[in-house]
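Enquirer: Model the following, please.
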Amino acid sequence: KVLAGLQELHLLNTLTTAASLLSLAAVVMAIELHASLPLLALSLQGPVVLVLGIGTVVLFGWHRPDLRPSLQGVSARTGLDMLRQGSGFFAIQVAGVVIFQVQAFIISARLSVAEVTPYAVAARLFMTLPPLVAVAFGAIWPAYADAKARGELEWVARVFAGATRRGLLAGGLLIAFLVIWSEPLIRLWAGPAAYGGAALIVVIALLAVLEVWVSSTAVCLNGLGRTRGQVLSATLRAGVGFGLAWYAAPAFGVLGVVVASLVATILLAPTILGYDLVTSTGGRVRLRGTVSWITPVTFVVAAVTAFTTDFGGPFAAHATTWRTLAAGVVAAVAVWSRRAFLARSWGAFQRRRAAGFRL
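Expert: This is a model prediction of the structure:
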């Protein structure tokens, strides 16, 4: 966390990579020597502790001795602040687990265990993308905190809007490709019985797109030191989503459970998180500016392709052709948006250079 705050994530990545490689080598050696279970566990975790320990000594001993921890810096007020923030993050994580794990429980309890498979496979396929996109957001967290300390809330609003647009663009394009090719991918991965239909795929994909926006907003709020709104949003999403899904499952099946979660997310996340973000930046953030038109357009193309190839008829008979054409449209939009973004960036660069600003 210290290295992340110093914007030196390359050093942190180097340490974690070295720890992982040493741990892998130690585990392979332990297996070859037929070591006991305690030694196997030690070979798995020992190198990680050793490398991170050496990194800590180097960090506070030579790299940044001015940041070396001291007992004189310990205070009850600081401890209470850290406990309050840590409790907030813990509550958010617990609510997140409930949001994404309780749906399988409701499906098995209110419907049948066999119907869990189509939901679980589709959710695993699409819900791996938002965390991947959120990795890029995480690097901005310390920058948000530094900008708040300097009072540069205009910078926070500008960077948040740009990061969210790019995150939704990248995540939306990837999700659109998955929607288009979801049926052959799922059938190849888990078998024909694991495909739950285009409607289930589209709803889960839309929920994944919303999670990209939630991730970007959460990182910005974390940098600004605002966790209460996130706790409230996550808790209400978990509670409302559970209640709606519990009563919707018998009438609407698996699709009703996922739609209930989607409705809870749409109603609560933008309202609570958006309000908290706008108020914490003094109204400088404009939520409307965080969404590019490209994301909904590509999503609509993907959804229409999924539904038409799923309903049978001539579209289903030439499903591969239609999927290829739709993927080509999405790829063309992606290339065009990339070129447009580069053109705008180059224009802004030239204007800053002409104005005499230091680059």
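
Enquirer: pLDDT score assigned to residue 259?
Expert: Looking at residue 259, its pLDDT stands at 92.

Enquirer: Which parts of the stretch 151-300 of the chain are helices?
Expert: For the stretch 151-300 of the chain, the helices defined by DSSP state H, counting those that start in this stretch cover 153-180, 182-190, 198-223, 228-280, 294-310.

Enquirer: now those helices as CSV including distance to residue 330 and mean neighbour count?
Expert: C-betas here are computed from N, CA, C, even on glycine. Formatted as CSV, the helices of the stretch 151-300 of the chain follow (distance: least, CB to CB, whole Å; neighbours: other CB atoms under 10 Å):
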stretch, distance to residue 330, mean neighbour count
helix 153-180, 5, 21
helix 182-190, 13, 17
helix 198-223, 13, 23
helix 228-280, 22, 19
helix 294-310, 5, 20
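
Enquirer: These: which one's closest to residue 31?
Expert: helix 182-190 (28.8 Å; CB to CB).

Enquirer: What count of nearby residues applies to residue 105?
Expert: If you count neighbours by other CB atoms under 10 Å, residue 105 ends up with 15.

Enquirer: Next one: it relative to residue 256, how far apart?
Expert: Distance, residue 105 to residue 256, by CB to CB, to the nearest Å: 15 Å.

Enquirer: coming back round to it: reformat the helices of the stretch 151-300 of the chain as a markdown table; add distance to residue 321.
Expert: Output for those, formatted as a markdown table (distance: least, CB to CB, whole Å):
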| stretch | distance to residue 321 |
| --- | --- |
| helix 153-180 | 12 |
| helix 182-190 | 13 |
| helix 198-223 | 17 |
| helix 228-280 | 28 |
| helix 294-310 | 10 |
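
Enquirer: Which of these comes out lowest on mean pLDDT?
Expert: helix 294-310 has the lowest average pLDDT among the helices of the stretch 151-300 of the chain, namely a mean of 70.

Enquirer: what pLDDT does residue 125 get?
Expert: On the pLDDT scale, residue 125 gets 87.

Enquirer: Look up the closest residue to it, ignoring the ones flanking it.
Expert: Closest residue to residue 125 apart from its sequence neighbours, by CB to CB, 6 or more residues apart in numbering: residue 178 at 6.4 Å.

Enquirer: Run through the residues that contact residue 259.
Expert: Residue 259 is in contact with 203, 248, 252, counting by CB atoms under 8 Å, 6 or more residues apart in numbering.
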